[in-house]
Structures are given as structure tokens and as C-alpha cells.
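Colleague: predicted model, plus sequence, below.
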Amino acid sequence: MPKGSLACPPWPSRHNTPFAMTLTPHPYFECTQKLLGDAHFERLQQAHILVVGLGGVGSYAIEGLVRSGVGRLTLVDFDTLSASNINRQLHAMPSCFARPKVELMLERCRAIQPNMGLRGLRMRYQPDTSEAILDAPKEAPYSVVLDAIDQTQNKLHLIHHCMQRKLPLVSAMGAAGRLNPAAVRVDDLAYTEMDPFAKNIRRQLRRKFGWSFTSPTHVTAVYSTEIRNPQALAPRPSVITENQDNPYGQKTLGSAVFVTAVFGMHAAAAAVAKLAP
């Protein structure tokens with residue numbers, strides 16, 4: 001087990017029961033199966049999805065995946081829950097401060113769908129941890145990767161190396177500074193509009209890795225066409241001690257749960273769509 005992972009078995013033994021791996025109707029997912037059809041739903045139950053980043057977007061994406069009947073999840077995040085997470089993160093409650101986000105989301109997933117396969121890695125995605133994270137267990141290769149991390153250089157590395165490995169990828173762009181959930185869109189990364197963060201990702205992928213955006217990239221981007229509120233992106237004093245000196249050089253950004261949650265649900269929907277037969 002990689003350093004920093006949580007001490008839980010790779011996949012519960014119950015994962016091979018009819019509940020998880022056959023199309024015997026189950027009241028939890030009867031409506032999802034009816035909506036998707038048998039073939040698509042079977043692929044969803046047999047899928048293994050990697051979610052990197054369990055914040056305002058990632059936590060809601062996981063909720064959408066678990067309640068849709070996905071069979072296996074690997075969850076990756078290095079951080080612990082803090083006061084500034086309350087406004088936008090699904091697992092954030094005052095009683096949970098200082099607990100690892102991975103641990104909290106694993107508990108929530110098990111409470112919703114006890115028989116699913118779950119694995120938690122408490123680590124930051126970065127170049128020196130990428131292999132430990134992207135190398136899936138041999139018995140359960142990744143079906144889709146869902147990127148919900150904020151740090152730009154690590155995000156670039158994840159996007160590029162997922163494409164090198166031919167891993168289907170859904171990547172969340174900038175949710176901060178937005179108030180309009182109706183402006184959230186899903187498209188290929190080559191075709192996003194009105195999102196400066198996505199534009200910067202394209203620019204740096206060109207410079208660092210030689211990407212071309214003259215044709216589709218096969219990276220599904222979740223983004224917003226709303227013009228960002230500059231006040232929400234400007235540095236400002238914070239009453240919260242944790243925000244005074246961020247060790248990773250990131251400033252605290254204004255954000256709202258009704259936007260980050262919609263980003264996360266769009267990401268979950270895009271991941272499910274990638275599993276269509």
C-alpha cells in the first residue's frame with residue numbers, strides 16, 4: 001500500500017456479490033438502471049473511477065457517482081477538513097475539523113453503498129506520487145479519472161499523464177469567483193470559452209508538453225461561461241488563521257456551494273457518460 005494511504009482493504013470481499021456485480025434489480029439503483037439501460041448500467045457497476053481532489057467539486061462529484069451505482073472508487077486527497085471548507089464542501093461539518101477528507105468521504109460512501117469497492121490514498125497528487133496514484137490495482141484498472149484539484153502545475157501533470165496512459169479524463173476548471181450555476185458547461189478542453197483558468201491550462205500544456213488544440217483533446221472539461229467576479233479573486237485579510245499563510249502559495253478565493261456542487265455533479269455526469277457502451 002503506498003505511503004500515505006489509509007489502512008483499508010483494496011476491495012471489500014462483498015464486492016463480488018450479486019448486489020454489486022450483476023443486473024439483479026436492487027431498490028437503490030432501480031431508477032438509474034431504468035434510465036441508463038442494462039448495458040450502460042452494467043458498465044457503471046463494473047467501473048473503477050479515480051477521483052483526485054475531495055474539495056468543493058470533488059466531494060459532490062463522488063456523491064453523484066456513489067448514488068448512481070458506480071462499482072469501485074479510489075479517492076485521493078492529502079488535506080484535512082478545516083473551518084473555511086464549511087461553505088462549499090459536502091463532508092464539511094464542525095464536528096469533523098482536522099479529520100482527513102479521504103477518511104470522511106470513505107465513511108460517507110460506505111454509509112450510502114456498503115457493498116462498493118473503496119480505496120483511499122491520503123496523499124497530494126504531484127510528479128513524485130503520480131505513479132502510486134495512477135497505477136491501479138491489476139484486478140481493477142481505472143475506467144475514468146476525475147480531476148478536481150486546484151494547484152495548476154499538478155493539474156497539468158495529471159492531465160498530460162492521463163492522456164499518455166490513454167485514461168479517459170474529466171477535468172474541472174475554475175469554479176471560484178462565480179455565482180451563476182446555470183453558466184456551468186461541459187465540453188472538450190480545446191473548446192472552452194470565457195474561462196481564463198482553462199485558457200491558462202491550454203497555454204501551459206502547449207509550452208510544457210507540446211500539446212496542440214487544433215482538434216479535440218479527449219479531455220472533458222467542466223467550466224463556466226460566467227465572467228469571474230474580480231473581488232472574489234483578490235487577496236484580502238481573513239479571520240481564519242489557516243488562511244493567513246498558505247504554504248503552497250495559493251490565495252483564498254471566493255466561492256459558493258451552489259456553483260461548486262453543480263461543477264461536481266456535471267463532472268459525475270460526464271464520467272458516467274464516458275462509460276456508455
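Modeller: Great, that's in hand. Residues are numbered from 1 along each chain as shown.

Colleague: so which strand or helix has D187?
Modeller: According to DSSP states H and E, D187 maps onto strand 184-188.

Colleague: what does F263 give?
Modeller: Per DSSP H and E: F263 is located in helix 257-274.

Colleague: the bottom helix or strand of the protein by mean pLDDT?
Modeller: Lowest on mean pLDDT, DSSP states H and E among the helices and strands of the chain sits helix 18-21, with a mean of 36.

Colleague: other SSEs contacting the strand holding D187?
Modeller: strand 219-224, helix 257-274 (3 or more C-beta pairs under 8 Å, 6 or more residues apart in numbering; DSSP states H and E). Every C-beta, even on glycine, is put in place using the N, C-alpha and C of the backbone.

Colleague: next SSE downstream of it?
Modeller: Downstream of strand 184-188, the first helix or strand assigned by DSSP H and E is helix 196-209.

Colleague: what's the angle from that following helix to strand 219-224?
Modeller: 150 degrees (axes from the mean of the first three to the mean of the last three C-alpha atoms, to 10 degrees).

Colleague: got a list of contacts for helix 196-209?
Modeller: Here helix 196-209 makes contact (C-beta atoms under 8 Å, 6 or more residues apart in numbering) with 152, 155-156, 159-160, 173-174, 189-190, 192, 211-213, 221, 223, 228.

Colleague: can you rerun that using 7 Å?
Modeller: Applying C-beta atoms under 7 Å, 6 or more residues apart in numbering, the set of residues contacting helix 196-209 from outside is 155-156, 159-160, 173-174, 189, 192, 211, 213, 221, 223, 228.

Colleague: TSV for the residues you listed, including neighbour count, pLDDT and distance to S143?
Modeller: Shown next, in TSV, are those (neighbours: other C-beta atoms under 10 Å; pLDDT from 0 to 100; distance: C-beta to C-beta, whole Å):
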residue	neighbour count	pLDDT	distance to S143
K155	22	98	21
L156	18	98	23
I159	23	98	17
H160	17	98	20
M173	23	96	22
G174	22	88	26
L189	22	98	20
T192	21	97	24
W211	20	97	24
F213	14	95	26
A221	27	98	19
Y223	28	98	23
R228	20	89	33
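
Colleague: next, give me the two most distant ones among those.
Modeller: Using C-beta to C-beta, the two most remote members of those are H160 and R228, lying 25.2 Å apart.

Colleague: can you pull out the strands in the stretch 101-250 of the chain?
Modeller: Per DSSP state E, counting those that start in this stretch, the stretch 101-250 of the chain carries strands over the ranges 117-121, 144-147, 169-172, 184-188, 219-224.

Colleague: give the rounded mean pLDDT of the first one.
Modeller: Right, the one you point to is strand 117-121. Mean pLDDT, strand 117-121: 96.

Colleague: now do the buried residues in stretch 70-89.
Modeller: Going by neighbour count (16 or more other C-beta atoms under 10 Å), the buried part of stretch 70-89 is 70-78, 80-82, 84-85, 88-89.

Colleague: for A271, state which of these is nearest.
Modeller: Using C-beta to C-beta, those come closest to A271 at V70, 8.2 Å.

Colleague: send the alpha carbons of the helix or strand hosting Q45 over as CSV?
Modeller: If you go by DSSP H and E, Q45 is part of helix 38-46. C-alpha atoms of helix 38-46 as CSV (Å, rounded to 0.1, in the frame of the first residue of the first chain):
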residue,chain,number,x,y,z
ASP,A,38,-29.0,-2.6,-18.8
ALA,A,39,-25.8,-2.4,-20.9
HIS,A,40,-24.7,1.1,-19.6
PHE,A,41,-25.7,0.3,-16.0
GLU,A,42,-23.7,-2.9,-16.1
ARG,A,43,-20.6,-1.0,-17.2
LEU,A,44,-21.2,1.5,-14.4
GLN,A,45,-21.3,-1.2,-11.8
GLN,A,46,-18.1,-2.8,-13.1
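
Colleague: in the stretch 51-200 of the chain, which spans are helices?
Modeller: Counting by DSSP state H, counting those that start in this stretch, one finds helices in the stretch 51-200 of the chain at the ranges 58-68, 101-112, 130-134, 152-164, 196-209.

Colleague: who are the packing partners of the second one?
Modeller: In this case it means helix 101-112. helix 58-68, strand 72-76, strand 117-121 (3 or more C-beta pairs under 7 Å, 6 or more residues apart in numbering; DSSP states H and E).
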